[in-house]
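Engineer: Everything below, folded, please.
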Amino acid sequence: MKKVHIILLVLIAGAIAVLISFLHAASTYETVAGAKQKMGKTVSLIGKLDKTQPIEFDQKNPNYLSFTLIDSLGSSVKVVYNNPKPENLETSERLVLKGAYKNDHFECKDIMMKCPSKYKDDMKAAEKNIQNTTQTPPAENVSTEKKY
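Structural biologist: Here you go, the predicted model:
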């Protein structure tokens, strides 16, 4: 074999190894039941804050936060987050949590909040504006030509 062929084969093998390592590191969203089955392994949970349950945090220990998360299937889990409480926790639409299920709770390492879109109200206003313009009769035929 020529040196060029050997170098190409080594590069291809290296590229395959890099792709396999990325596939192993890629995470998918789990349900509460899936996180319980993978106890102790780092997973990503997606869900919303259960506003019927209390959010526990202490001013004396600002690095403790506990709340309940509901996943898309309706299962709930107690979440313990050992960092300061995020500002917009209560107003977020969805939460993406990275961590591991341990004992009877989900030990969260990182929280990413999906906040409500600031354009929702604008979209409602735009839809209303469109409805109003389609319901109003068209303006009279006004000529824009300038007459001299």
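
Engineer: ok, how many other residues are close to the nearest residue to residue 84 once chain neighbours are set aside?
Structural biologist: Distances taken as Cβ to Cβ, 6 or more residues apart in numbering place residue 62 nearest to residue 84, at 5.2 Å, with adjacent residues excluded. (Glycine included, C-beta is placed from N, CA and C.) The burial count assigned to residue 62 is 11, neighbours taken as other Cβ atoms under 10 Å.

Engineer: Tell me the secondary structure of residue 62, please.
Structural biologist: coil (DSSP: H, G, I helix; E, B strand; the rest coil).

Engineer: can you give me the helices for the protein?
Structural biologist: Applying DSSP state H to the chain gives helices spanning 3-25, 32-37, 120-135.

Engineer: rank those helices by pLDDT, which is bottom?
Structural biologist: Among the helices of the chain, helix 120-135 carries the lowest mean pLDDT, a mean of 63.

Engineer: ok, back up a step: looking at it, the residue nearest to residue 84 is touching residue 81, isn't it?
Structural biologist: No. Contact between residue 62 and residue 81 fails when scored by Cβ atoms under 8 Å: they sit 11.4 Å apart.

Engineer: related to what we said a few turns ago, would you mind measuring from the residue nearest to residue 84 to residue 28?
Structural biologist: Here residue 62 is placed at a distance of 32 Å from residue 28 (Cβ to Cβ, to the nearest Å).

Engineer: before we move on, the earlier item: tell me the pLDDT at the residue nearest to residue 84?
Structural biologist: Residue 62 is assigned 82 on the pLDDT scale.

Engineer: and it, what are its phi and psi?
Structural biologist: Dihedral angles of residue 62 (phi, psi; degrees, to the nearest 10) stand at phi -70, psi -10.

Engineer: what about residue 77, neighbour count?
Structural biologist: 22.

Engineer: Please name the bridge partners of it.
Structural biologist: Counting by DSSP bridges, residue 77 forms beta bridges with residue 69.

Engineer: ok, now which ones touch it?
Structural biologist: Contacts for residue 77 were tallied using Cβ atoms under 8 Å, 6 or more residues apart in numbering; they are 32, 35, 45, 68-69, 71, 101, 105-106.

Engineer: Please indicate which of those are buried?
Structural biologist: Buried subset of the contacts of residue 77 (neighbour count, 16 or more other Cβ atoms under 10 Å): 32, 35, 45, 68-69, 71, 101, 106.

Engineer: Kind regards, and thank you for your time.
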